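Undergrad: let's see this in three dimensions:
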Amino acid sequence: MALFRRGAKDRTAQDETAAGVDAAEAVADPATPAVDLAQDPTPEPPAAPAVDRSSGPWDSGEEVPAGPRVDLGALRLPGVHGMELRMEIDKKSGTVTAVGVTIDGSTLQMQAFAAPRTDGIWDEIREEIGESVRKQGGAVDDVPGPFGRELLARLPVRTPEGRTGHRPARFVGVDGPRWFLRGVITGRAAVDEAAAAQLEDLFRRTVVVRGTEARAPRDLLALTLPDQAAAPKPPVEPAAPTFDPLQRGPEITEIR
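TA: Numbers count the residues shown, from 1 in each chain. Coordinates of the predicted model:
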């Protein structure tokens, strides 16, 4: 049994309504300015060493281990028993902007972007995400992880009682040949190594389809709906006033 969800939302370059959105969208927007390190009193974190991708994530032009995968256009995800897919869709353009995979209550959101032919972009993107989180009142640490350097963040959130709390999140990234794959892990897997194992393995076994087209660095690589979820048309829904990737928004569920 596979469960697919399609979430619809309004998104603009100026829509920064929740902590997780700002940090995530700083990566997706090619026009986002780089952090001015000359004015940043925080010591510069060490550069991420080249990641060994022999066990993934892979490029579609490389030799990839055989196995069933869900074709989402720019991303091909391995099938994992019990996983739930949620496609995030921009309501104005109809563009699929991200895919979320939920396993046992924890979620991995993934997006792929174009990158320069020679240099990776994860180092500078980590700095920008960290700066965004801090400006919102959150905290972030740049630490080593299974995919090289990653960010452990505490994102500010508003509780039902109106108080300000914090929710943990991990930002991971891998630079590939002319592409960059970014993941955001939330839920128990953000702080529990055992709970994160399945999501990390799924991220590692993902295949990125960059294509041969000329693209500007940070251009979002196009995602498509999986075949099982592409047939039904979503009903007209009112625009959501805010969007938090740590919470579910308007969506359609289809079980096959």
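
Undergrad: ok, for P78, nearest residue in space, not its chain neighbours?
TA: The spatial neighbour of P78 that comes closest, neighbours along the chain excluded (C-beta to C-beta, 6 or more residues apart in numbering), is R205 at 4.4 Å. The way it works is simple: take the backbone N, C-alpha and C, and place the C-beta from them, glycine included.

Undergrad: the one you found: neighbouring residues, count only.
TA: R205 is flanked by 20 other residues according to other C-beta atoms under 10 Å.

Undergrad: same question for A190.
TA: Neighbour count of A190, defined by other C-beta under 10 Å: 23.

Undergrad: in contact with it, which residues?
TA: Listed by C-beta atoms under 8 Å, 6 or more residues apart in numbering, the contact partners of A190 are S106, L152, P168, A169, R170, A196.

Undergrad: and the helix or strand containing S132, average pLDDT?
TA: Secondary structure from DSSP states H and E places S132 in helix 122-135. Averaged over helix 122-135, pLDDT sits at 97.

Undergrad: and whichever helix or strand comes after that helix, which residues are buried?
TA: Of the helices and strands lying after helix 122-135 in sequence (DSSP H and E), the nearest is strand 139-145. Neighbour counts using 16 or more other C-beta atoms under 10 Å place V140, D142, G145 of strand 139-145 among the buried residues.

Undergrad: quick check: the second one touching I129?
TA: No - here D142 does not reach I129: they are 9.8 Å apart, not a contact under C-beta atoms under 8 Å.

Undergrad: okay, and the common contacts of these two?
TA: Common neighbours of D142 and I129, counting by C-beta under 8 Å, 6+ apart, are L151.

Undergrad: residue ranges for the helices of the stretch 151-256 of the chain, please.
TA: Remark: helices assigned in the stretch 151-256 of the chain by DSSP state H, counting those that start in this stretch are 193-204, 227-230.

Undergrad: ranking those by burial, who's on top?
TA: For these, the largest average neighbour count (mean count of other C-beta atoms under 10 Å) is found in helix 193-204, namely a mean of 18.

Undergrad: in terms of secondary structure, what does the longest strand anywhere in the chain contact?
TA: Criterion DSSP state E: the longest strand present in the chain is strand 164-176. Packed against strand 164-176 by the contact rule (3 or more C-beta pairs under 8 Å, 6 or more residues apart in numbering; DSSP states H and E) you find helix 19-28, helix 122-135, strand 139-145, strand 148-158, strand 179-186.
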